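Q: Take a look and give me a structure for this.
(chains A and B)
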Amino acid sequence: MNLFDTEITKWLNSGPGGFGPLDWVIKLLASDYLFPPMFALVIIGVIFIGRNPEERFRYQRIAFKAVIAIAMSNWVVAIFNSQFDRARPYVALPDDIELMFYPATDPSFPANPTAVGFAVAVALFPVSRRLSIGLASAALIVGFTRVYAGAFYPTDVAGAAVIGAAMPSVAGGIIRLFDPALNLALRVARAFAVA
Amino acid sequence: MTPQDIGDIFLRDYLIAMYFATLGVVQIGASYGGITHMLFLPSERSSRALGMLLILGAALFFFTVPLWQGGPWGAVVADGVIGREGLTVAWDTSSWSDLTSARNINDVDGGFSGGSQGIWFPLAAGLALISTYLISSVVHRSSSRTAADVNDNSGIEHLKTNTWAEVVRLSFANWRRSWRGEVGDEFAPGLKWGGVRWLVAKVRFR
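A: Have a look, this model is predicted:
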């Protein structure tokens, strides 16, 4: 598995320096400030898209679930980081990998932005299947570009996708546990005409 | 220049970008939800276009600032500060060829960690939401078809016919009258947390 991972990473990373415009775009898509904030922005949009009070209430609960799923993803990624200190490709393979990203100091597994993206994508599936697929695609693009850039292995991305996709179920359980409190918070927000 | 200085530049640009991007997202969301008195423009279609422009403009602003603002993204790899892609570069403006890597700075060198984004994003988004309610109230101040009539707690549903400024006081007054019932609905006996209802019944609203 490790050999497969390494070979795929080396093959993908053989691109940098070959075609400048592609590298230029890859660096943009891999940014911490493009897709990750977009995931959060989509959640804000979902708060308002319901056409009637019932639908809006349902979507706002889903938005809240997505936020909890993000928090849970970050938490699970941090746990994995503390337990599996997997060296980044540019550290483990310094002669083969050309880093096109900043030299991150945290462990490679799992890929945090992909986990967050999948958490939001799966959480928002009941709102719109197309939106969900778009978000999952964006999460995969971030993962792919970071493998290309030498910052992650493919299995870091795949593992993160599994973790992220599982978190909305956990978030759903937490919401059920505190259901009356969440509903009451939304009622208070409605009293101020902001929800 | 220290990571703190770099962080300050990042913070300013990030807050501006996320503020305007959130304004745009809310315009798009409210247009799909038919919440017309939250929109800045008369039609839903034009509001979606404005929303897209605000989002794209915010991204364009954030990623092109290094072209005119000096920072740890100079083209010359030389003695200076640890900046883009972990390189030691001169404090200078970015070149076009390095533009997309200019913002790729590690958090220990002044970039933003996920935790920092988790703090500053809600701040920018919250300010944008408040701005939306205020701006839309000004834009629609004379366009409400009927006087605000708030007898239920349906929140922004009222913004389909009236502005937030017209609705908020009446909505909160309605809440003051009905809050015990609203709370009781969520904590009724037999439901989870039913004991809270007993507590609420003991409390007298002052």
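
Q: can we go C-alpha only for contacts and neighbour counts from here?
A: Noted.

Q: what's downstream of the host helix or strand of residue B:116, the next helix or strand?
A: Per DSSP states H and E, residue B:116 falls inside helix B:114-139. Next along the chain after helix B:114-139, taking DSSP H and E as the criterion, comes helix B:164-186.

Q: Tell me who's in contact with residue B:156.
A: Applying C-alpha atoms under 8 Å, 6 or more residues apart in numbering or on different chains, we find residue B:156 in contact with A:190, A:193-195, B:35, B:164.

Q: who wins for most neighbours among those residues?
A: Per-residue neighbour counts (other C-alpha atoms under 10 Å in any protein chain shown) across the contacts of residue B:156 peak at residue B:164, which has 29 neighbours.

Q: pretty sure that one contacts residue A:193?
A: Yes - if you go by C-alpha atoms under 8 Å, residue B:164 and residue A:193 touch, sitting 6.8 Å apart.

Q: who are the neighbours in contact with the closest residue in space to residue A:116 that isn't next to it in sequence?
A: Leaving aside its chain neighbours, residue A:116 sits nearest to residue A:70 (5.4 Å; criterion: C-alpha to C-alpha, 6 or more residues apart in numbering or on different chains). By C-alpha under 8 Å, 6+ apart, the residues touching residue A:70 are A:116, A:119-120, A:164, A:167.

Q: Now pLDDT too, for those, in a markdown table please.
A: Below are the contacts of residue A:70 laid out as a markdown table (pLDDT from 0 to 100):
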| residue | pLDDT |
| --- | --- |
| A:116 | 98 |
| A:119 | 98 |
| A:120 | 98 |
| A:164 | 98 |
| A:167 | 98 |
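
Q: Mind putting these into a markdown table with secondary structure and neighbour count?
A: Formatted as a markdown table, the contacts of residue A:70 follow (DSSP: H, G, I helix; E, B strand; the rest coil; neighbours: other C-alpha atoms under 10 Å in any protein chain shown):
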| residue | secondary structure | neighbour count |
| --- | --- | --- |
| A:116 | helix | 30 |
| A:119 | helix | 35 |
| A:120 | helix | 32 |
| A:164 | helix | 32 |
| A:167 | helix | 28 |
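
Q: What is the neighbour count of residue A:11?
A: 14.

Q: right, is the one helix or strand it maps to up against chain B?
A: Assigned by DSSP H and E, residue A:11 falls within helix A:2-13. No - with C-alpha under 8 Å from any C-alpha of the partner chain as the criterion, chain B is not reached by helix A:2-13; the gap is at least 15.8 Å.

Q: For that helix, list every residue counted as buried.
A: Across helix A:2-13, burial judged by 16 or more other C-alpha atoms under 10 Å in any protein chain shown covers A:5-6, A:8-10, A:12-13.

Q: rewinding a little: packing partners for the helix holding residue B:116?
A: Using 3 or more C-alpha pairs under 8 Å, 6 or more residues apart in numbering or on different chains; DSSP states H and E as the contact test, the elements touching helix B:114-139 are helix B:3-33, helix B:164-186.

Q: And the pLDDT at residue 153?
A: Because you didn't say which chain, this covers chain A. On pLDDT, residue A:153 comes in at 97.

Q: wrong one, I was asking about chain B
A: The model reports residue B:153 with a pLDDT of 89.

Q: hang on, isn't it packed against residue A:191?
A: Yes - using C-alpha under 8 Å, residue B:153 is in contact with residue A:191, at 6.0 Å.

Q: Could you look up the next helix or strand downstream of the longest helix along chain A?
A: The longest helix of chain A (DSSP state H) is helix A:53-83. Beyond helix A:53-83 on the C-terminal side, the first helix or strand identified by DSSP H and E is helix A:89-92.

Q: and that following helix, anywhere near chain B?
A: No - if you take C-alpha under 8 Å from any C-alpha as the test, helix A:89-92 misses chain B, and the best it gets is 12.5 Å.

Q: got the contact list for that helix?
A: A:6, A:9, A:96-99, A:108, A:150-153.

Q: buried sites along the helix holding residue B:116?
A: B:117, B:120-122, B:124-125, B:127-129, B:132-133, B:135-137, B:139.

Q: ditto for stretch A:30-37
A: Buried residues in stretch A:30-37 (16+ other C-alpha under 10 Å): A:30-33, A:35-37.

Q: Low-confidence stretches in the chain?
A: Since you didn't name a chain, this refers to chain A. A:1, A:18 (pLDDT under 70).

Q: Chain B, not that one
A: For chain B, the stretches flagged by pLDDT under 70 are B:144-145, B:189-201, B:203-206.

Q: mind listing which of the contacts of residue B:156 are in helices?
A: Among these, the ones falling in helices (DSSP H) are A:190, B:164.

Q: ok, so of the contacts of residue B:156, who is nearest residue A:135?
A: Set against residue A:135, the nearest of those by C-alpha to C-alpha is residue A:195 (24.0 Å).

Q: Pretty sure the closest one sits against residue B:158.
A: No - using C-alpha under 8 Å as the test, residue A:195 is too far from residue B:158 to be in contact (10.5 Å).

Q: Give me the contacts around the host helix or strand of residue A:175.
A: In this structure, residue A:175 is located in helix A:154-177 according to DSSP H and E. For helix A:154-177, the surrounding residues in contact (C-alpha under 8 Å, 6+ apart) are A:5, A:8-9, A:65-66, A:68-70, A:72-73, A:76-77, A:108-112, A:114-123, A:140, A:143-144, A:147, A:182.
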